[in-house]
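Q: after the sequence you'll find the predicted model.
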Amino acid sequence: MAAQTEAKKGKMSTYFKGIKAEMKKVIWPNKKELLNYTGVVILISGIVSLIVYLLDIGIHRVLALFIK
């Protein structure tokens with residue numbers, strides 16, 4: 001039983017060491033890039049929500065014609 005516990009601790013330790021090593025490899029964006037990416041995401045989200053809104057209105061009006 002104790003051997004299994006030690007094996008689990010070893011696996012967890014190896015796992016977290018791997019995570020730490022991978023995080024060091026990541027190239028994080030600087031402030032300017034981050035703001036640029038954030039703006040793009042907000043803009044695209046707004047465009048998609050506008051398209052969905054317009055489709056919703058259009059479908060609602062078409063269905064209203066059939067219901068009357």
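A: Received it, and whenever you're ready, just let me know what you need. Numbering: from 1, shown residues only.
Q: for burial, what's the neighbour tally of Leu43?
A: By other C-beta atoms under 10 Å, the residues close to Leu43 number 10. (C-beta placed from N, C-alpha, C; glycine too.)
Q: which SSE is it in?
A: Per DSSP states H and E, Leu43 falls inside helix 31-67.
Q: what packs against that helix?
A: Packing partners of helix 31-67 (3 or more C-beta pairs under 8 Å, 6 or more residues apart in numbering; DSSP states H and E): none among the helices and strands.
Q: list the buried residues of it.
A: Judged by neighbour count (16 or more other C-beta atoms under 10 Å), helix 31-67 contains no buried residues.
Q: please compute how far it lies from its chain's middle.
A: In terms of C-alpha atoms, centre = their mean, to the nearest Å, the centre of helix 31-67 is found 18 Å from the chain centre.
Q: give me the mean pLDDT for that helix.
A: The average pLDDT within helix 31-67 is 98.
Q: Tyr53 versus the residue nearest the centre of the chain, what's the distance?
A: Geometric centre of the chain, nearest residue: Val41, 11.0 Å, by C-alpha atoms, centre = their mean. As judged by C-beta to C-beta, to the nearest Å, Val41 and Tyr53 stand 18 Å apart.
Q: what of Asn36?
A: From Asn36 to Tyr53 the distance is 26 Å (C-beta to C-beta).
Q: again, but for His60
A: Distance from His60 to Tyr53, by C-beta to C-beta: 11 Å.
Q: what's the answer for Asn30, then?
A: Distance from Asn30 to Tyr53, by C-beta to C-beta: 35 Å.
Q: cool, Val26 as well?
A: Distance from Val26 to Tyr53, by C-beta to C-beta: 37 Å.
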